[in-house]
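K.L.:
predicted model and sequence below, questions to follow.
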Amino acid sequence: MIKLNTFPLDLEYDAEGKKLYFDGAELKPSVRTLSEMEGVCLEKAFAQEADKNRVQYYMFRSIRLKSEEELFNQTNLSFDITVIPPLELGKEYNKTFGHYHPKSEAGTRYPEIYEVLEGQAHYLIQRLDEKTGGVDDIMLIEARKGDKVVMPTGYGHVSINPTHETLVSANIVGKFQSDYAPYKEKEGAAYFELIDDSLTPNKHYENLPMIKTIDAMDLPINQQFDGDNIYAQFIENPEKFDFLRK
């Protein structure tokens, strides 16, 4: 059992049973199966032949203490946990489907903040060109345990587990419906990260910019959240997270 760094939340993860416990009670996840991921995999033959019921990752939504429920309701934000086991997707590392966020009243797409609680993560983020439907900027952000990563406004993102250990991440984000359609239409993100650590472009995108690989904590926006876990930071200073609602 792994005790996660989410104080004051008491969260423990059972890697063998792939279960998350909150104050000793098992939480029920939403899951994404291989069948649901098939359309965004590079290697279609693998997806067609493998067990389509295999769970690729687990999502635990809206976790909070009862005493802080009103704060989360007032801000319309959610604290979530995502677990990505070290499963290969054929030639690829295991990953999430990929999504963009909807637009706020100001006309910009909502941002999000992540934190790596266990393992390592690569966040493949891409900025949507609203006119062409393509992408005009792409970054692979490398994050380790304790790192915080802000997904900037306008960027879609895929979370990748590039190791043989389970990736457990937390995020704080608005309570809205994410947009998965652009990733479905393009059959994945702009690049695929392979288990030999190479990156190969997705043939369904045109005029792709060069991808930039960046250490998470080299970005000034992420440095602003260095220190305590994001749940504790949010409870202590909710105003610091107001940017997530704009």
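P.N.:
Everything's here; your move. Just so it is clear, the model here is predicted, and its values are computed rather than measured.
K.L.:
just give the nearest non-adjacent residue to residue 137, would you?
P.N.:
Of all residues not flanking residue 137 in the chain, residue 127 sits nearest, at 4.2 Å (C-beta to C-beta, 6 or more residues apart in numbering). Backbone N, C-alpha and C define where each C-beta goes, glycine included.
K.L.:
ok, which stretches of the protein are helices?
P.N.:
With DSSP state H as the criterion, the chain has helices at 34-37, 44-49, 69-75, 181-185, 220-223, 230-236.
K.L.:
measure the residue nearest to residue 137 to residue 176 for me?
P.N.:
From residue 127 over to residue 176 the distance is 19 Å, taken as C-beta to C-beta, to the nearest Å.
K.L.:
can you check residue 168 too?
P.N.:
Applying C-beta to C-beta to residue 168 and residue 176 gives a distance of 23 Å.
K.L.:
returning to that earlier point: dump the helices of the chain to CSV, plus distance to residue 135, mean neighbour count and mean pLDDT.
P.N.:
Conversion of the helices of the chain to CSV gives the following (distance: least, C-beta to C-beta, whole Å; neighbours: other C-beta atoms under 10 Å; pLDDT from 0 to 100):
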stretch, distance to residue 135, mean neighbour count, mean pLDDT
helix 34-37, 20, 17, 96
helix 44-49, 22, 13, 87
helix 69-75, 30, 13, 97
helix 181-185, 9, 15, 95
helix 220-223, 20, 14, 96
helix 230-236, 27, 19, 98
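K.L.:
now render the ones you listed as TSV, adding distance to residue 148.
P.N.:
Compiled in TSV, the helices of the chain are given as follows (distance: least, C-beta to C-beta, whole Å):
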stretch	distance to residue 148
helix 34-37	26
helix 44-49	32
helix 69-75	18
helix 181-185	24
helix 220-223	5
helix 230-236	6
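K.L.:
of all the ones you listed, which one is nearest residue 196?
P.N.:
Checking the helices of the chain against residue 196 by C-beta to C-beta gives helix 44-49 as the closest, at 15.1 Å.
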